[in-house]
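1. output the structure for:
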Amino acid sequence: MRAAARLAKVSGSALADVDLTLAQYRVLVFLDAGPRPASHVARLLDVAPSTVTSVVDGLCNRGLVHRGEDAKDRRRVVLSLTDHGCEMVTRGDQVVADRLGRLLERLPAADAETALRGLESLNAAMEDYLTETFGTPHT
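-> So this is what the prediction gives:
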């Protein structure tokens, strides 16, 4: 399981190239599926809602995330990506994929393909988990 920690470190390093932290990227990727209540973002990051405020404030100040009201409950804050936020998700994805690609180049081709398929399977499982845990995004 050290590989997961090392992958997080590699991803964090790559994201610094586009001026994002791993926590910011996680929020952007989560919101890429669609608008979500701020409380869901806090649960995703496993922090108190007050703690996530600083991460979200930074993203809002950079024009990457928009804060809005929930149409059904105006007390609830809903977060969504701006167009610039969508662009940053793409840039973040690219730098992480590039860094991962350099790691995979160190493996024999068959092992690299197996590792990549394993990561894709894990990603699909995580997407299922997020849907089960948080439901579908607000639309």
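
2. pLDDT weak spots in this structure?
-> 138-139 (pLDDT under 70).

3. ok, which stretches of it are strands?
-> 36-37, 65-69, 77-81 (DSSP state E).

4. turn those into a markdown table, including mean neighbour count and distance to Met1.
-> For glycine as for every other residue, the C-beta is placed from the backbone atoms N, C-alpha and C. A markdown table is the format used below for the strands of the chain (neighbours: other C-beta atoms under 10 Å; distance: least, C-beta to C-beta, whole Å):
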| stretch | mean neighbour count | distance to Met1 |
| --- | --- | --- |
| strand 36-37 | 20 | 28 |
| strand 65-69 | 15 | 31 |
| strand 77-81 | 21 | 31 |
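
5. tabulate the ones you listed (a markdown table), appending distance to Ser54.
-> Formatted as a markdown table, the strands of the chain follow (distance: least, C-beta to C-beta, whole Å):
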| stretch | distance to Ser54 |
| --- | --- |
| strand 36-37 | 17 |
| strand 65-69 | 13 |
| strand 77-81 | 14 |
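
6. for the protein, list the residue farthest from the centre, please.
-> In the chain, counting by C-alpha atoms, centre = their mean, Pro108 sits farthest out from the average C-alpha position, at 29.2 Å.

7. what's the residue nearest the centre of the chain in contact with, if anything?
-> The residue lying closest to the centre of the chain (C-alpha atoms, centre = their mean) is Arg26, at 2.4 Å. Arg26 is in contact with 44-45, counting by C-beta atoms under 8 Å, 6 or more residues apart in numbering.

8. any idea how far it is from Ala16?
-> 14 Å (C-beta to C-beta, to the nearest Å).

9. kindly report the same for Phe134.
-> From Phe134 over to Ala16 (counting by C-beta to C-beta), the distance is 28 Å.

10. so these two - more neighbours on which side?
-> Phe134 (17 against 12; other C-beta atoms under 10 Å).
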